[in-house]
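A.B. asks: Fold the following and give me the result.
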Amino acid sequence: MLQTFSSIIDFDVQTKSIRGAINPLANQVAIMSSYYNKKKSVKSRKLLQHAKHVNEICYELIKFAREVAKEHPDVEYELNQACNRTCDVYNVMKMKIEGDDKHDSAGTIIDIAKQLINNVARILIVTDSADLILIDKTIEDVKQCLKAVEQCIEFCDLDEIFQKLRSVMDTLMKQIASRQMDLLDTQKKDELGLVRSMWMRCKDRLYTSSRVAIVHPELESGVTNRNLVLQEINESIKKLQAIIKGRSSSESQSKAGILASCFEEFEVSVIFANKMKREQQALLQNNLAMIIKEASSIAESASTREERQQNIHRLCKDCEMLLNVLIHSNPDCNNDKHIEKICWTTGQLRHYLQLATLDHIDDFYFLPHIPFQWLYSISAEGAKDKNQLRESEQEMVQHVLNLEMIARMACSLSVESYHNKVVRFAIANIANLVKQVVFATRSLANQPKSELIKKNMDVYKKAWSKELNNLVEAVDEITPVNEYLYISISHAEENVELISQILDAEFSYQNENNDGEKNWADLDQTVDALINRTYRVLNVIREERRKVVDERYLGNDPVMGRCHHLAKYTLVETKKLCDEIVKEGKPKKDALKKKSGDVVSQLLKLQVAFSKATTRCDAYIESFYAECDSTEHELNRNSLSIAVDKPLQTCLKICAILKVVVSNVKSGDCIQHWPVVVQKLKELNTETGALDFCVRDIITNGRSSAVKADLIMEYSGRIVECSRHALSVAMKDMSHYVCYGELFVSILSSAKTIISHIPEIYKGCLLSSSKRKKVFKK
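C.D. replies: This is a model prediction of the structure:
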């Protein structure tokens, strides 16, 4: 057996370049080990050839390292020392290869080769440290440029400093990109990618805020704004230095949420709860206590609806009570039903916590830009009322804190480790940006006519919109779509009920007091909430449909058609009626009630259409996989009784091809994989034709009843027709189909027919010949 890479190399290799340089040597040593004869333990000609090849490669690498040492004085001494040690081992190996000493065994030569490779690996690691030293020097140049930006007081010097800073930063980004591509550790690669994106985000903000700080030194907010940007860049550079030194932050790790992990651990451990030791039972109870604590925190949050709040508290008490009963029960008794009840209760608790989280997401994420727009409008007017400016700043900061809290809440329940990491990055970016936005708006409020401050504010508007959209999209990725639609539509129903109550109250007040003033602010606000919530639902559905429907044929998709009608007509008419009541005082109470009710009824129909469009294909896929697995199991079971024959090989190959087709159809980026689907369907067409020929040959030469033979040949012809149909469907112009989902269902239907007929065909082949082995051999 060949030795593995890790058994030959004594230490961890972190880069692809080092592994790529050592791999040929390690392969040679592994081959040498395979020639090693433990009984005779003598040198062979082939072993010496491989040893000579290893020595030649090592000699070339030593020459390369000597040249690198001349170019990099920082590592020259250490690199030369490593080269000298390697040369000593190289000379020993050379003597063993060229000598005729009969006492030299093959094992001795292999051990020397391993020692030589480890010395070469040390040389490559020292050589790699030269690149890290270059990055470190570039970082020092960046720090000097940033310090020059902070100390710059002349407007004319700023452009020159920034030109140098951009040049040095571009060099650093290229070095980081090269390092990122070379690393093997995905976590460190992601961290370096984050550092690279930092400069792209911050460079425009740093330039415009620095100009404001120089031109308007009297504005403390402008200087603070510039310093906050510098602080963000410096913190990223510190992270970069830590990554280069081999340290990683726990925040950048891909991991499931805290609550999700606690639920998984609890449900696995509770099976053995009554058989555990006391210390283990205490740990299990502590795990449940942590779940209950987090669940109570979510239940008591502002947006959690009363019904879900009561259910969460009830389920927490039930879980605690059931666990105590299980722990104190008799270990010898059968507690399967009790354990099943605990798992069902924790599943229900997780479900209601998910719904409570969606309550918060729907309440806060459907209008995330409003606080910033209000703060910007107040600042652009000059903010004569300082108290109003402070209130708007506090509201915006509080709004961002709510968004962060809800995002972390969604992460805690999510098992999507990668998407959780993306959400955490988005939270960190928005938290850094909100402080800078507050001071930028203060500068605008103090100098609303300054062109420099306006340009600075425009940069922050774009940055804020981009980062906020990134956070919303990241949270949407870990949000289950169907549950979100259910929650959002229920909230829309609450808005409709509130609209009806406001209309009844205001019109009854108008009838009783004809001269009284009507307060329509609540009505206008509630209608806007209904409309904006509906727009967000439409955006979520559109994004989901774009994943499975080609952009060219979105116009023919019925779900997209419903979205378009609801956005273009129903919502526009609802807003128009509201404006007529609020601004013109027209008595259109019943019309607004009816139209707002139409919004909810159309949302419900849209939800049904979307669910049908997404679940129909999923149902076909699930049933196909189940049938395909049972077919493969039956074929393999029959193959135990006879030799592996051509029909069996062909049937198994057909199953494998169909699984590849279905897996590509099921994937999220199936449109990109469509050429693979077409290619596999062509292979399927060839294999079904070969199976049909083989089946007909066996039945013709065998002995079976006419009815059975006709039935088997009919099945065989049908699978050939189905494979041809699937291929012709895949090759057609997509405009023949309403959406890709219909196309997938058509192909999967053919695949299911093929899978269902294969066992019968194979059994018929086995039973149709009395001289089975001769026929199979033929």
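A.B. asks: buried ones in stretch 583-598?
C.D. replies: 588-589, 592-593, 595-598 (16 or more other C-beta atoms under 10 Å). In this view, the C-beta of every residue, glycine as well, is placed from N, C-alpha and C.
A.B. asks: which helices and strands does the helix or strand encompassing Asn225 pack with?
C.D. replies: Using DSSP states H and E, Asn225 sits in helix 220-244. Contacts defined by 3 or more C-beta pairs under 8 Å, 6 or more residues apart in numbering; DSSP states H and E place helix 220-244 against helix 106-151, helix 186-215, helix 417-446.
A.B. asks: angle of it against helix 106-151?
C.D. replies: 170 degrees (axes from the mean of the first three to the mean of the last three C-alpha atoms, to 10 degrees).
A.B. asks: in helix 220-244, what's buried?
C.D. replies: Quick answer for helix 220-244 (16+ other C-beta under 10 Å): 221-226, 228-230, 232-233, 236-237, 239-240, 243-244.
A.B. asks: would CSV of the helices and strands packed on helix 220-244 with mean neighbour count, distance to Val660 and mean pLDDT be doable?
C.D. replies: Shown next, in CSV, are those (neighbours: other C-beta atoms under 10 Å; distance: least, C-beta to C-beta, whole Å; pLDDT from 0 to 100):
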stretch, mean neighbour count, distance to Val660, mean pLDDT
helix 106-151, 18, 39, 81
helix 186-215, 19, 26, 84
helix 417-446, 21, 24, 89
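A.B. asks: And these: which comes nearest Cys58?
C.D. replies: helix 106-151 (5.3 Å; C-beta to C-beta).
A.B. asks: Give me the contact list for the helix or strand following the helix holding Asn225.
C.D. replies: The helix or strand immediately downstream of helix 220-244 is helix 258-269, counting by DSSP H and E. For helix 258-269, the external contacting residues (C-beta atoms under 8 Å, 6 or more residues apart in numbering) are 255-256, 276, 280, 284, 287-288, 290-291, 294-295, 343, 346, 350, 353, 412-415.
A.B. asks: packing partners for whichever strand or helix holds Arg696?
C.D. replies: Assigned by DSSP H and E, Arg696 belongs to helix 674-701. Applying 3+ C-beta pairs under 8 Å, 6+ apart, we find helix 674-701 packed against helix 646-666, helix 706-731, helix 740-767.
A.B. asks: before we move on, back to that, in a markdown table: the helices and strands packed on helix 220-244, plus distance to Glu306.
C.D. replies: Shown next, in a markdown table, are the helices and strands packed on helix 220-244 (distance: least, C-beta to C-beta, whole Å):
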| stretch | distance to Glu306 |
| --- | --- |
| helix 106-151 | 52 |
| helix 186-215 | 41 |
| helix 417-446 | 28 |
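A.B. asks: Just tell me which of those ends up closest to Leu604.
C.D. replies: Among the helices and strands packed on helix 220-244, helix 417-446 sits nearest to Leu604 (C-beta to C-beta), with 28.7 Å.
A.B. asks: Report the next helix or strand after that closest one in sequence order.
C.D. replies: Assignment by DSSP H and E places the next element after helix 417-446 at helix 451-477.
A.B. asks: List the buried residues for that following helix?
C.D. replies: For helix 451-477, by 16+ other C-beta under 10 Å, it's 452-453, 456-457, 459-460, 463-464, 467-468, 470-472, 474-476.
A.B. asks: pLDDT of it, averaged?
C.D. replies: Averaged over helix 451-477, pLDDT sits at 91.
A.B. asks: what pLDDT, on average, does the helix holding Asn225 get?
C.D. replies: 88.
A.B. asks: roughly how far is that helix from the heart of the chain?
C.D. replies: The chain centre lies 28 Å from the centre of helix 220-244; the measure is C-alpha atoms, centre = their mean, to the nearest Å.
A.B. asks: again, but for stretch 162-173
C.D. replies: 32 Å.
A.B. asks: Just want to check the distance between Cys694 and Ile654.
C.D. replies: 12 Å (C-beta to C-beta, to the nearest Å).
A.B. asks: Leu503 - how many residues pack around it?
C.D. replies: 20 (other C-beta atoms under 10 Å).
A.B. asks: so which strand or helix has it?
C.D. replies: helix 481-512.
A.B. asks: model confidence over that helix, on average?
C.D. replies: pLDDT averaged over helix 481-512 gives 82.
A.B. asks: What residues sit buried inside the following helix or strand past that helix?
C.D. replies: Counting by DSSP H and E, the next helix or strand C-terminal to helix 481-512 is helix 521-546. The neighbour-count check on helix 521-546 (16+ other C-beta under 10 Å) flags 523-524, 526-527, 529-531, 533-538, 540-542, 544-545 as buried.
A.B. asks: and the angle from the following helix or strand past helix 521-546 to helix 521-546?
C.D. replies: Per DSSP H and E, the first helix or strand lying C-terminal to helix 521-546 is helix 558-565. When the same axes, to 10 degrees is applied, the directions of helix 558-565 and helix 521-546 differ by 150 degrees.
A.B. asks: which outside residues touch the next helix or strand along the chain from helix 558-565?
C.D. replies: Counting by DSSP H and E, the next helix or strand C-terminal to helix 558-565 is helix 571-584. Contacts with helix 571-584, where a contact means C-beta under 8 Å, 6+ apart, come from 503, 520, 523-524, 527, 530-531, 534-535, 586-589, 591-592, 595-596, 598-599.
A.B. asks: mind listing what the residue lying closest to Arg179 once chain neighbours are set aside touches?
C.D. replies: Leaving aside its sequence neighbours, Arg179 sits nearest to Leu192 (C-beta to C-beta, 6 or more residues apart in numbering; 6.4 Å). Neighbouring residues of Leu192 by C-beta under 8 Å, 6+ apart: 176, 179-180, 183, 240, 243.
A.B. asks: which one of the residues you listed is nearest Met93?
C.D. replies: Leu183 (31.6 Å).
A.B. asks: List the residues that contact that closest one.
C.D. replies: 14-16, 189, 192.
A.B. asks: would you list the residues you listed in CSV and tack on distance to Ile361?
C.D. replies: Listed next are those as CSV, based on distance: C-beta to C-beta, whole Å:
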residue, distance to Ile361
Gln14, 39
Thr15, 41
Lys16, 40
Lys189, 30
Leu192, 31
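A.B. asks: Out of those residues, which is nearest to Glu307?
C.D. replies: Closest to Glu307, out of all of these and judged by C-beta to C-beta, is Lys189, at 45.4 Å.
A.B. asks: Now do the same for Lys38: its pLDDT.
C.D. replies: pLDDT, Lys38: 45.
A.B. asks: One more: the one 4 residues further on?
C.D. replies: Reading off the confidence values, Val42 has pLDDT 48.
A.B. asks: rewinding a little: Cys694 and Ile654: which is more packed in?
C.D. replies: More crowded of Cys694 and Ile654, by other C-beta under 10 Å: Ile654, with 24 against 19.
A.B. asks: wait, isn't that one in contact with Leu691?
C.D. replies: Yes: judged on C-beta atoms under 8 Å, Ile654 makes contact with Leu691 at a distance of 6.9 Å.
A.B. asks: Around Ser178, count how many other residues there are.
C.D. replies: 12.
A.B. asks: ah, wrong one, I meant Leu172
C.D. replies: 22.
A.B. asks: distance of the residue nearest to Lys143 when sequence neighbours are not counted from Leu323?
C.D. replies: Leaving out its chain neighbours, the residue that sits closest to Lys143 by C-beta to C-beta, 6+ apart is Ile237, at 6.9 Å. From Ile237 across to Leu323, the span is 49 Å (C-beta to C-beta).
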